[in-house]
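Undergrad: Build me a model:
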Amino acid sequence: MTFFAPCAKGLEYLLVEELQALGAQDVREALAGVHFSGALEAGYRACLWSRLASRVLLRVAHFEALTEEALYLGVQAVDWSAHLAEHGTLAVDANLHASHLTHARYAAQKVKDAVVDQFRERFGVRPSVDVDRPDVAISLSLRRNIADVFIDLAGESLHRRGWRGPQVEAPLKETLACAVLLRGGWREIDARGGALVDPMCGSGTLLIEAARMSADVAPGLGRPHFGFLRWRGHDEALWNALVAEAQARSRAGRAALTPRFFGYDIDPAAVAASRENIARAGLAGVISVEQGDVADLSAPQDVTPGLVACNPPYDERLAADPALYRALGAALKRGFVGWQAAILSGDAELSRALGLRPEKRYALYNGALACELLRIDRIEPARARAFEPRPLSDGAQMVANRLRKNLRTLKKWRERGGVACFRAYDADIPEYAAAIDVYTGVPEETPDAPEDVWLHVQEYQAPAEIPEETTRQRLTDLVHAAMDVFELPRARAAVKTRQRGKGGSKYGRFDARGQFLLVREGTARLRVNLFDYLDTGLFLDHRPLRLRLAREARGLRVLNLFCYTGAASVQAGLGGAASTTSVDLSPTYLDWAAKNLALNGLAGQSHRLVQADAMAWLDAERGQYDLIFCDPPTFSNSARADDFDLQREHPRLIDACMARLAPGGLLLFSNNYRRFRLDPALEATYGARDIRAATLDPDFSRSPRIHAAWEFVHA
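TA: All right, here's what the predicted structure looks like:
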């Protein structure tokens, strides 16, 4: 007999090895499947024992089908009474590729017609169609006008083992789980008694399949149905003998199985689903599942180091996040040194975020999603890349000297105010035109780690007459100087470079690391991202205004317009504000603001987040606020709101703010438009007071025009 076993793309070579081990003959791989031959026992063994095949198809016809008539006649040439009773049921599916016939449903209809017409002509009765559970499922494959007609011995996908009950979102198929385990070296690890850990276990698929593999449980042993059970060619005695053999192996394997399978998940619903599935699989005493965050992950005690197998989110439905991968990698390097790992990743960016060096990468498909399996043969501890001093050019040495002078000048002020994030250099030497900002903090995934220094370097636009090669060399010298002064590896500096192109100079592509740091400002902890965006999420020049909010907000209703990442709202909240309302049009920034508020224990109804165009929201709002902070952009042309020009719109904006300001209240208005001119009528109407000088700290004393600020009160 000739068979074909379909499988997910990427599993073909594993399936070849598996079928050869089961005694199949003439085994050869194809795209998304494997051909093999043998007696009926070979097909039955594949149905019962294959951990990787999605189905097992028995070929009953092979012919050329250039036309629908040729397809019909080829199917009619099969004696279908050998497969199906006259009053039986059937279903047909078709898969077409590069053939004259192009409509799969129509081709399936022609196959069905050929079968039922044969019965009607020979017996005067015909089988009926049952698409859910037919007596015989027929499968047509038409590739390059060559038709293969199969009986589906599995009846339904073999990944359905019979143990699964509740599921989490986007569960891992059992067949792919087995591929992860096999590629990860679980057979060898299991043989030496190693443990298995899944840090994000979902509904428990990897854990259950690993334990069943260790216990020598045939994957098909618990299935309630196979497609061949009502097929006329079924050999019941042969099948019962194979099942009895599998049951005996399962009893022996389960008796020898030891409890060395550990799962964790942050979602209590996933933990509950895992435990129920584990019980359904008869493995409740063998697999342990607990609720836990991957950031807190540590190796189980008193077990032999083994395999960490994991299917972290890499699908839009599950909001794949590089930060989660970094947290996983950090946990493994901290607590699983010497273990192996097999981690299914969605793309190269997520794989890099993991921070582990794989020995092998395997291309796999989870349904239609392309992904890669990373195999790490030994997890090594984290090693900080040490600073490597290098000789500095004359220009770099000049920048280094200026940086050291600036740091000495700012030292007492920084120590007195506990300033952790500040500007260390701002084009002090005109030829080396860039800003260097210092951020002292920790990666978000390791919030209790010691603080480190990170740098944010932003190149300014050079005059057009300066050759681009010269500007590049000067920026290189500046970065080398900064690394030397702070004794940092290059990986701890985010460098935003200018590129000349159509429409003038612009910033180049960013790193897209998805890496957030937690930094301090006063009593607040705030999330910043140095690498992924032009701005970091924290405008350092506004530090005095934010800290003023912290001092003056106690008991007040605070409104933060154009709130960006919510740092001003956090300071007001920590200062004891009765409530904060943060308004911004960007859902990305509002999500960031929500995380900043939650990070400081300020979540809840007292701290409202509003996604809206600030101008339109002010026009519609009727509430009153005691303290308003308004820092609008210079220009905005969002598709979700009217175009905004600060110079043109600021009188209307300030009038709208004052309409919402309670008697005795205060409006703090600032912006970063260097050519901004306040409408003189506003000064007369509201007694505006310029507070620019009081809102610039020493680290911005060289750039007094970086922002302007005013106080407004009701006349």
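
Undergrad: CA atoms for contacts and neighbours, from now on please.
TA: Noted.

Undergrad: Helices along the stretch 201-350 of the chain, start to end?
TA: For the stretch 201-350 of the chain, the helices defined by DSSP state H, counting those that start in this stretch occupy 205-214, 236-256, 268-280, 322-335, 348-354.

Undergrad: Residues in contact with the first one: which ones?
TA: It stands for helix 205-214. 171-174, 177-178, 181, 186-187, 190, 196-198, 201, 218-219, 253, 257, 261-263, 274, 278, 281, 283, 286-287, 309-310 (CA atoms under 8 Å, 6 or more residues apart in numbering).

Undergrad: do that again at 6 Å, thanks
TA: residue 177 (CA atoms under 6 Å, 6 or more residues apart in numbering).

Undergrad: chain center to that helix: distance?
TA: Counting by CA atoms, centre = their mean, to the nearest Å, helix 205-214 is centred 25 Å from the centre of its parent chain.

Undergrad: send the alpha carbons of that helix over as PDB?
TA: Extracted as PDB, the C-alpha positions of helix 205-214 are listed here (Å, rounded to 0.1, in the frame of the first residue of the first chain):
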ATOM      1  CA  THR A 205       0.500  21.400  25.600                       C
ATOM      2  CA  LEU A 206       4.300  21.200  25.700                       C
ATOM      3  CA  LEU A 207       4.300  19.700  29.300                       C
ATOM      4  CA  ILE A 208       1.600  17.100  28.500                       C
ATOM      5  CA  GLU A 209       3.200  16.000  25.200                       C
ATOM      6  CA  ALA A 210       6.700  15.800  26.800                       C
ATOM      7  CA  ALA A 211       5.300  13.700  29.700                       C
ATOM      8  CA  ARG A 212       3.400  11.400  27.300                       C
ATOM      9  CA  MET A 213       6.600  11.000  25.200                       C
ATOM     10  CA  SER A 214       8.600  10.100  28.300                       C
END
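
Undergrad: Would you mind getting the angle between it and helix 236-256?
TA: Angle of helix 205-214 versus helix 236-256, following axes from the mean of the first three to the mean of the last three CA atoms, to 10 degrees, is 100 degrees.

Undergrad: mind checking the SS state of residue 525?
TA: Following DSSP: H, G, I helix; E, B strand; the rest coil, residue 525 is assigned to strand.

Undergrad: Among the helices of the stretch 201-350 of the chain, which comes closest to residue 465?
TA: helix 348-354 (37.7 Å; CA to CA).

Undergrad: Can I get the helices of the stretch 201-350 of the chain in JSON lines including distance to residue 577 and mean pLDDT?
TA: Converted to JSON lines, the helices of the stretch 201-350 of the chain look like this (distance: least, CA to CA, whole Å; pLDDT from 0 to 100):
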{"stretch": "helix 205-214", "distance to residue 577": "48", "mean pLDDT": "98"}
{"stretch": "helix 236-256", "distance to residue 577": "61", "mean pLDDT": "98"}
{"stretch": "helix 268-280", "distance to residue 577": "34", "mean pLDDT": "96"}
{"stretch": "helix 322-335", "distance to residue 577": "31", "mean pLDDT": "90"}
{"stretch": "helix 348-354", "distance to residue 577": "38", "mean pLDDT": "79"}
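
Undergrad: burial measure for the nearest residue to residue 306 once chain neighbours are set aside, as a count.
TA: Spatial nearest neighbour of residue 306, chain neighbours left out: residue 194 (4.2 Å); criterion: CA to CA, 6 or more residues apart in numbering. Per other CA atoms under 10 Å, the neighbour tally for residue 194 reads 18.

Undergrad: Surely residue 194 touches residue 308?
TA: No: with contacts counted by CA atoms under 6 Å, residue 194 stays clear of residue 308, the gap being 10.4 Å.

Undergrad: Report the set of residues contacting both of these two.
TA: With CA under 6 Å, 6+ apart, residue 194 and residue 308 have no common neighbours.

Undergrad: okay, now the domains of this structure?
TA: As recorded under automatic domain parsing, the domains making up the chain are 2-152, 174-215+258-376, 394-507, 539-712.

Undergrad: could you dump those to a markdown table with distance to residue 226?
TA: A markdown table is the format used below for these (distance: least, CA to CA, whole Å):
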| stretch | distance to residue 226 |
| --- | --- |
| domain 2-152 | 8 |
| domain 174-215+258-376 | 17 |
| domain 394-507 | 47 |
| domain 539-712 | 49 |
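
Undergrad: I'd like to know which of the ones you listed is closest to residue 388.
TA: Taking those one by one with CA to CA, domain 394-507 is closest: 7.1 Å.

Undergrad: what pLDDT, on average, does that closest one get?
TA: Mean pLDDT, domain 394-507: 89.

Undergrad: and it, how far from the chain's centre?
TA: Put simply, domain 394-507 sits 30 Å off its chain's centre (CA atoms, centre = their mean).

Undergrad: In a markdown table: the helices of the stretch 201-350 of the chain, plus mean neighbour count.
TA: Shown next, in a markdown table, are the helices of the stretch 201-350 of the chain (neighbours: other CA atoms under 10 Å):
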| stretch | mean neighbour count |
| --- | --- |
| helix 205-214 | 24 |
| helix 236-256 | 14 |
| helix 268-280 | 21 |
| helix 322-335 | 22 |
| helix 348-354 | 19 |
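
Undergrad: export these to JSON lines and tack on distance to residue 97?
TA: Shown next, in JSON lines, are the helices of the stretch 201-350 of the chain (distance: least, CA to CA, whole Å):
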{"stretch": "helix 205-214", "distance to residue 97": "33"}
{"stretch": "helix 236-256", "distance to residue 97": "34"}
{"stretch": "helix 268-280", "distance to residue 97": "39"}
{"stretch": "helix 322-335", "distance to residue 97": "38"}
{"stretch": "helix 348-354", "distance to residue 97": "31"}
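
Undergrad: Which one of those lies nearest to residue 657?
TA: Closest among these, using CA to CA: helix 322-335, at 37.8 Å.

Undergrad: Counting by contacts, list what that closest one packs against.
TA: helix 348-354 (3 or more CA pairs under 6 Å, 6 or more residues apart in numbering; DSSP states H and E).
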